[in-house]
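Undergrad: Test case, fold it:
(one chain, ligands or ions: 1)
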Amino acid sequence: MNAVISPDNLDEIEAGIEAQINAAGDEAALESVRVATLGKKGSLSEQMKTLGKMSPEERQVMGPALNGLKARVTEQIAARREALKAAALEAQLVAERIDVTLDPRQTGIGRGRIHPISQVWDELSAIFADLGFRIAEGPDIETDDFNFTKLNFPEGHPARDMHDTFFLPEREDGTRRLLRTHTSPVQIRTMLKDKPPIRIIAPGRTYRCDSDQTHTPMFHQVEGLVVDKESHVGHLKWVLTEFCRAFFEVEDASMRFRPSFFPFTEPSYEVDIRCRRSKDGIELGVGDDWLEILGSGMVHPNVLANCGLDPDVYQGFAWGMGIDRIAMLKYGMPDLRDLFEGDSRWLTHYGFAPLDRPSLAGGLSR
Ligand code: DAH
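TA: I've put the predicted structure just below:
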């Protein structure tokens with residue numbers, strides 16, 4: 001390799017270096033090739049130094065030839081280095097591959113637990129699917145427009161302040177996104193997209209800046225929406241009663257509809273279910289006390305119009321219910337915060353067997 005380079009053996013020398021580069025099996029070997037050729041005392045660097053002693057004619061030939069060779073070798077080394085790096089990473093990925101799935105044959109299939117929220121989510125989905133409802137979804141990060149304005153919360157309306165909203169930083173165009181404070185924006189998304197008849201439920205995560213024994217910053221709601229030409233409060237009442245009978249597994253799911261206010265419904269109702277309170281807790285479907293479980297009403301004409309539906313043609317009803325709350329009621333979990341602690345002892349106690357999927361035919365709960 002230390003042969004003096006001349007225009008005659010240039011190709012040969014280049015081929016020799018190229019062979020060394022290709023033979024380098026790892027980055028360390030490649031680095032040795034680099035040092036031996038391009039390093040301070042490397043063969044090419046040494047040759048470069050001889051340029052000064054050449055006659056001008058010789059230099060005119062050898063200058064560009066050596067510089068060209070040096071550039072190509074530099075490039076080849078860089079390319080080989082990339083290839084070696086990629087191969088090393090690939091080998092590492094293969095060698096360090098781990099199987100993160102748990103083998104149920106070793107751990108016991110019955111040990112995993114379904115969280116009560118997931119269980120209740122599946123239960124209510126099964127019930128409403130049976131009643132002919134479809135599941136609709138929307139994003140957790142919503143626009144102010146869908147979370148409030150299109151739902152008939154005018155700008156500056158005090159009802160907006162009742163939702164302790166988490167806002168995202170304002171964007172350049174002055175709009176700001178937020179974490180949806182309720183599942184009602186899914187109503188808007190559905191009506192903008194689908195033509196009536198509409199029959200959906202929208203279970204999902206919701207967020208409000210609130211935290212105590214009965215409030216967590218993230219919680220779950222399920223929204224219901226029916227829109228067609230003749231739905232009325234009687235249908236609303238029937239649907240909710242059927243749901244409560246099936247969900248709470250009680251014969252008598254008498255309900256009480258109390259007048260209330262929501263910007264997106266008119267009239268609006270708060271709905272209570274019959275219950276008996278005693279020192280042992282609360283029992284549903286018996287007694288003569290009442291427990292509030294959801295909000296509902298007839299979809300406000302403005303909301304229909306905001307979604308391009310003619311309120312003189314279409315009408316509908318909607319409701320919103322806290323999933324965590326009905327889960328706590330059904331399964332006797334006293335503190336909402338426990339639901340989100342991730343304590344495996346709690347989950348072992350309140351969780352559900354993984355292969356017992358709730359269905360109306362097979363039974364909803366254990
Ligand atoms: N979005 C309401 C809330 O979070 C709940 C609600 C009330 C939803 C009435 C509805 C409804 O669809 O009709 O407080």
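Undergrad: Neighbouring strands - and their directions - for the host helix or strand of Arg274?
TA: Assigned by DSSP states H and E, Arg274 falls within strand 265-278. Partner strands and pairing direction for strand 265-278 (DSSP bridges) are strand 255-262 (antiparallel), strand 281-284 (antiparallel), strand 289-299 (antiparallel).
Undergrad: tell me, which of the ones you listed is the model least confident about?
TA: Mean pLDDT per stretch puts strand 281-284 lowest among those, at a mean of 87.
Undergrad: buried stuff in that one?
TA: Leu284 (16 or more other Cβ atoms under 10 Å). In this view, the C-beta of every residue, glycine as well, is placed from N, C-alpha and C.
Undergrad: Check the offset of it from the chain's centre.
TA: The chain centroid and the centroid of strand 281-284 are separated by 35 Å under Cα atoms, centre = their mean, to the nearest Å.
Undergrad: what's it in contact with?
TA: Under the contact criterion Cβ atoms under 8 Å, 6 or more residues apart in numbering, strand 281-284 has outside partners 244, 248, 250, 253, 273-277, 291, 329, 332.
Undergrad: could you redo the last one with a cut-off of 6 Å?
TA: By Cβ atoms under 6 Å, 6 or more residues apart in numbering, the residues outside strand 281-284 that reach it are 248, 250, 273, 275-276.
Undergrad: Could you export those residues as CSV, including neighbour count and pLDDT?
TA: As requested, these are exported to CSV (neighbours: other Cβ atoms under 10 Å; pLDDT from 0 to 100):
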residue, neighbour count, pLDDT
Phe248, 19, 93
Val250, 17, 91
Ile273, 24, 93
Cys275, 20, 91
Arg276, 15, 91
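Undergrad: which of these lies closest to the ligand?
TA: Nearest to the ligand among the contacts of strand 281-284 is Ile273, at 15.6 Å by Cβ to the nearest ligand atom.
Undergrad: For Arg325, pull up the helix or strand it's in.
TA: Short version, using DSSP H and E: Arg325 is in helix 323-331.
Undergrad: hey, C-alpha coordinates of that helix in CSV?
TA: The C-alpha coordinates for helix 323-331 follow below in CSV (Å, rounded to 0.1, in the frame of the first residue of the first chain):
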residue,chain,number,x,y,z
ILE,A,323,-69.7,5.8,33.8
ASP,A,324,-67.6,5.9,37.0
ARG,A,325,-70.6,6.9,39.0
ILE,A,326,-72.9,4.1,37.8
ALA,A,327,-70.0,1.6,38.2
MET,A,328,-69.6,2.7,41.8
LEU,A,329,-73.3,2.4,42.4
LYS,A,330,-73.5,-1.1,40.8
TYR,A,331,-70.4,-2.6,42.3
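Undergrad: need the next SSE after that helix, C-terminal direction.
TA: Next along from helix 323-331, by DSSP H and E: helix 344-350.
Undergrad: Let me see the mean pLDDT of that following helix.
TA: The average pLDDT within helix 344-350 is 93.
Undergrad: Centre of the chain to it, how far?
TA: In terms of Cα atoms, centre = their mean, the centre of helix 344-350 is set 25 Å apart from its chain centre.
Undergrad: contact partners of it?
TA: So helix 344-350 is contacted by 113, 116, 333, 338 (Cβ under 6 Å, 6+ apart).
Undergrad: top of those by neighbour count?
TA: Each of those was scored for neighbours by other Cβ atoms under 10 Å, and Pro116 scores highest at 24 neighbours.
Undergrad: I'd guessed it sits against Met328; true?
TA: No. When contacts are counted by Cβ atoms under 6 Å, Pro116 is not listed as touching Met328 (8.4 Å).
Undergrad: these two touch, right, Val250 and Gly285?
TA: Yes. Counting by Cβ under 6 Å, Val250 does reach Gly285; the two are 2.9 Å apart.
Undergrad: mind listing the helices in this structure by residue range?
TA: Ranges of helices in the chain, per DSSP state H, are 10-23, 27-37, 43-50, 56-95, 104-107, 116-130, 144-147, 158-162, 185-193, 233-248, 301-306, 323-331, 344-350.
Undergrad: Reformat those into a markdown table and put distance to Gly281 next to each item.
TA: A markdown table is the format used below for the helices of the chain (distance: least, Cβ to Cβ, whole Å):
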| stretch | distance to Gly281 |
| --- | --- |
| helix 10-23 | 77 |
| helix 27-37 | 68 |
| helix 43-50 | 86 |
| helix 56-95 | 54 |
| helix 104-107 | 34 |
| helix 116-130 | 16 |
| helix 144-147 | 35 |
| helix 158-162 | 29 |
| helix 185-193 | 33 |
| helix 233-248 | 14 |
| helix 301-306 | 38 |
| helix 323-331 | 10 |
| helix 344-350 | 15 |
